[in-house]
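**Q** Can you look at this prediction? I've put the sequence above it.
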Amino acid sequence: MIRNQIADLVAQSIKDAQSAGALPAFDLPAIEISRPKDTAKGDFTSTVAMQSAKPARMAPLAIAQAIAAHLPAADFIDAIEVAPPGFVNFRLSAAWLAGQVAEIEAAAGHYGDIDLGGGKSCQVEFISANPTGPLHMGSARNAMLGDALASVLAAAGWHIQREYYVNDAGTQMRTFAETLYRRYLQAFGQDAPLESHHYQGAYMTELAQEVKAEQSDRFLEMSAEDAISALSEIGLAKVLAWIRASAERLRIHFDHWYSERSLYASGGVFEHVITDLRARGLTEAKDGAEWLRTSAFGSDRDEVLVRSSGQPGYYASDVAYHYDKFVLRGFDRVIDVWAVDHQNQARRMPHLMKALGLEPTRLDIVLYDLVRLYRDGQEVKLSKRSGDIITVDEVVDEVGVDAVRFLLLTRSNQAVMDFDLNLAVQQNDENPVYYVQYAHARMASILRTATERGFSQTCVEQGNFDLLRHPGELALLRKIAELPEVIEKAALQLAPHGLAFYAMDLAGVFHAFYRDCRVISSIPTEAELSCARLRLVAGTKAVFARVLGLMGVNAPESM
RNA sequence: GCGCCUGUAGCUCAAUUGGAUAGAGUGUUGGCCUCCGGAGCCAAAGGUUUCGGGUUCGACUCCCGACAGGCGCACCA
């Protein structure tokens, strides 16, 4: 990455300045190169002179000047400027910027890829909503975040697997089956009222009707217990089919669906891990339950593995599941995307990792805040149990996949998000996703028009980008060249929202270029320039498609 | 009561994890289509970054204390 090359130059410059006696010997701080907010100041800036003032016992401005004076020449640097109180600013050369067009072409759809992961394996587990009802809008944020993170990390050099954890064990599943049983009885006119803890949503009634249509009255003959057990399986399969369909509709494809219940199969993962933990003396019997001694690993409390009832506790699933991920399946790294109401659980995960003898930093829990839905100015409370839900499918029907994906990615993870349904529906030309897609469609249109007017494919492919020296062209090239940094930041912070903002920026810069730089010219003497600009447009279009692709948003050829 | 998160333009949100004059979209006001898509562009207005201290060359960012909102504090999931 170009930023690292500049950092190397600065380091070399300081060494040279020291040998030349222009700078004293001192402990070098980590050299960080960043982008100034104000692009007029340069493409990159270093604050190393200010940071070195104390250890070098020298005025920061003087240090900055020494660095600038001793900086080795490099073809990608055009100018070095020093600004008080000690900034060293760098301006990229036009030749290097124009050369990025060739980089994009050579990268063939992978421009912006970086190598943070080094090909190591990383699992991203997301959504993982209880299979007791259709996906609602809270899950949609999880879905967007997880899917975009997976894409970004893949671009950053990780080998990615996407996984959905199916919570098909435990009391939620039991409650779901009981509800379905009662709705089924009701479908035959029997009196079987729901209780307050049951799932009140209308979809349960529909589910029961489906079962009745397909299976007739066969469950009426069985004992309640047998019927509930059978309905549990049938209902689970149906709900999972819904979830799978909704996910596919959102353009999310999971590589693997993992059953929580499978952890507890005879000879399964849970037996394996608890045997291991017992052997290592990490469990303890207390109050009739069996506890994992996480207090020995930094926690202020122990956790229940086996309840006094003999049933495994919830923490047991976390332990077994993550044992499976790291030890049995051997992922180098795992990312779990959880809603913020699991924050305490998240805090306990490092202790779990240590108890399993694993390095805690191999696991990241990405927390995101809730989505607050508004309709007609009123907050719509979401609760599967009360039945007051707004499903992902409903919103997608109204707003479209692209808008849902884009809007949900324009917020940083840990901030409550207000999603106004009325606004989202109305936002046809006001929605930022259309702004971004419009830019892409416009580029496609320019390329089409060029073909119609006789500009050859060769002209576009071999345009002389040394002709690109107009400020509008250079601004566009600068923005394009930022993509690797955008991907790096998103990957390091596990926060993909920067992609959306970058896409909007790029669209803005492109529109300015379009305004100031005539691409398809009918003036014969400008034919060569047209070819160069067409090549730039083609490259920009590819970068656009790349960013939108990482977000899972369509890049349309026309709208 | 304790813990975590959030508080930035009228509204929805950014801000390179301590850098230079805090930025976009939307809304408001005014302007721009006689060769490439006006779903676009340009300009104006809009701020004591909730409040009060502190740390240092420098704070939206870090520390302490208030205030407001969200979430969480089980052998639940």
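**A** Structure's in. What do you need?
**Q** residue closest to the middle of chain A?
**A** Residue closest to the mean C-alpha point of chain A, counted by C-alpha atoms, centre = their mean, is A:L149 at 2.4 Å.
**Q** Enumerate every residue touching that residue.
**A** Contact analysis of A:L149 by C-beta atoms under 8 Å, 6 or more residues apart in numbering lists A:V124, A:F126, A:I335, A:V337, A:V366, A:A490, A:L494, A:P496. All C-beta atoms are positioned from the backbone trio N, CA, C, and that covers glycine.
**Q** Take those residues and keep only those in strands.
**A** Among the contacts of A:L149, DSSP state E puts A:V124, A:I335, A:V337, A:V366 in strands.
**Q** Save the residues you listed as JSON lines, and put in distance to A:Q100, pLDDT and neighbour count too.
**A** Below are the ones in strands among the contacts of A:L149 laid out as JSON lines (distance: C-beta to C-beta, whole Å; pLDDT from 0 to 100; neighbours: other C-beta atoms under 10 Å):
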{"residue": "A:V124", "distance to A:Q100": "30", "pLDDT": "97", "neighbour count": "30"}
{"residue": "A:I335", "distance to A:Q100": "31", "pLDDT": "96", "neighbour count": "22"}
{"residue": "A:V337", "distance to A:Q100": "33", "pLDDT": "95", "neighbour count": "25"}
{"residue": "A:V366", "distance to A:Q100": "31", "pLDDT": "94", "neighbour count": "21"}
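**Q** Please report phi then psi for the residue nearest to the centre of chain A.
**A** Backbone torsions for A:L149, taken as degrees, to the nearest 10, come to phi -60, psi -40.
**Q** Apart from its chain neighbours, what residue comes closest to A:M1?
**A** Spatial nearest neighbour of A:M1, chain neighbours left out: A:P484 (5.3 Å); criterion: C-beta to C-beta, 6 or more residues apart in numbering.
**Q** can the helix or strand that contains that neighbour be found next to RNA strand B?
**A** Assigned by DSSP states H and E, A:P484 belongs to helix A:483-493. Yes - with C-beta under 7 Å from any atom of the strand as the measure, helix A:483-493 is seen reaching RNA strand B through A:K489, A:Q493.
**Q** Columns distance to A:R347 on top of the contacts of A:L149, output as JSON lines?
**A** Putting the contacts of A:L149 into JSON lines (distance: C-beta to C-beta, whole Å) gives the following:
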{"residue": "A:V124", "distance to A:R347": "20"}
{"residue": "A:F126", "distance to A:R347": "19"}
{"residue": "A:I335", "distance to A:R347": "16"}
{"residue": "A:V337", "distance to A:R347": "16"}
{"residue": "A:V366", "distance to A:R347": "14"}
{"residue": "A:A490", "distance to A:R347": "24"}
{"residue": "A:L494", "distance to A:R347": "17"}
{"residue": "A:P496", "distance to A:R347": "23"}
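**Q** out of the residues you listed, what pair is the most spread apart?
**A** Longest distance between any two of the contacts of A:L149 is 15.4 Å, between A:F126 and A:A490; criterion C-beta to C-beta.
**Q** neighbour-wise, which of these two wins?
**A** Per other C-beta atoms under 10 Å, whichever of A:F126 and A:A490 has more neighbours is A:F126, with 27 against 23.
**Q** Phi first, then psi, for that one.
**A** Dihedral angles of A:F126 (phi, psi; degrees, to the nearest 10) stand at phi -150, psi 180.
**Q** which ones are touching it?
**A** Here A:F126 is in contact with A:N142, A:A143, A:L145, A:G146, A:D147, A:L149, A:A150, A:R162, A:E163, A:Y164, A:D336, A:V337 (criterion: C-beta under 8 Å, 6+ apart).
**Q** ok, so of the contacts of A:L149, who is nearest RNA strand B?
**A** Checking those against RNA strand B with C-beta to the nearest atom of the strand, the nearest one is A:L494 at 8.2 Å.
**Q** residues in contact with the closest one?
**A** So A:L494 contacts A:L149, A:I335, A:D364, A:V366, A:N413 (C-beta under 8 Å, 6+ apart).
**Q** The last one is in contact with A:V371, isn't it?
**A** No - with contacts counted by C-beta atoms under 8 Å, A:N413 stays clear of A:V371, the gap being 11.9 Å.
**Q** Quick check: A:H159 vs A:W257, distance?
**A** To A:W257, A:H159 is 19 Å away according to C-beta to C-beta, to the nearest Å.
**Q** Next, the buried residues of stretch A:407-416.
**A** Judged by neighbour count (16 or more other C-beta atoms under 10 Å), stretch A:407-416 contains these buried residues: A:L407, A:L408, A:L409, A:T410, A:R411, A:N413.
**Q** right, and the fourth one touches A:L499 too?
**A** No - with contact defined as C-beta under 8 Å, A:T410 and A:L499 do not form a contacting pair (9.5 Å).
**Q** I figured A:V211 hits A:E233, correct?
**A** No - with contact defined as C-beta under 8 Å, A:V211 does not reach A:E233; the gap is 11.1 Å.
**Q** Neighbour count: these two, which is higher?
**A** A count of neighbours by other C-beta under 10 Å puts A:V211 above the other of A:V211 and A:E233, at 22 against 11.
**Q** Just the C-alpha atoms of the helix or strand harbouring the more buried one, please, in PDB.
**A** Assessed by DSSP H and E, A:V211 sits inside helix A:202-215. Taking Å, rounded to 0.1, in the frame of the first residue of the first chain, the C-alpha atoms of helix A:202-215 are listed here in PDB:
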ATOM      1  CA  ALA A 202     -50.200 -14.600  13.200                       C
ATOM      2  CA  TYR A 203     -47.500 -16.600  11.400                       C
ATOM      3  CA  MET A 204     -48.000 -19.400  13.900                       C
ATOM      4  CA  THR A 205     -51.600 -19.800  12.900                       C
ATOM      5  CA  GLU A 206     -50.500 -19.900   9.200                       C
ATOM      6  CA  LEU A 207     -47.900 -22.500  10.100                       C
ATOM      7  CA  ALA A 208     -50.600 -24.600  11.800                       C
ATOM      8  CA  GLN A 209     -52.900 -24.400   8.800                       C
ATOM      9  CA  GLU A 210     -50.100 -25.500   6.600                       C
ATOM     10  CA  VAL A 211     -49.400 -28.500   8.800                       C
ATOM     11  CA  LYS A 212     -53.100 -29.300   8.800                       C
ATOM     12  CA  ALA A 213     -53.200 -29.200   5.100                       C
ATOM     13  CA  GLU A 214     -50.200 -31.400   4.600                       C
ATOM     14  CA  GLN A 215     -50.500 -33.800   7.500                       C
END
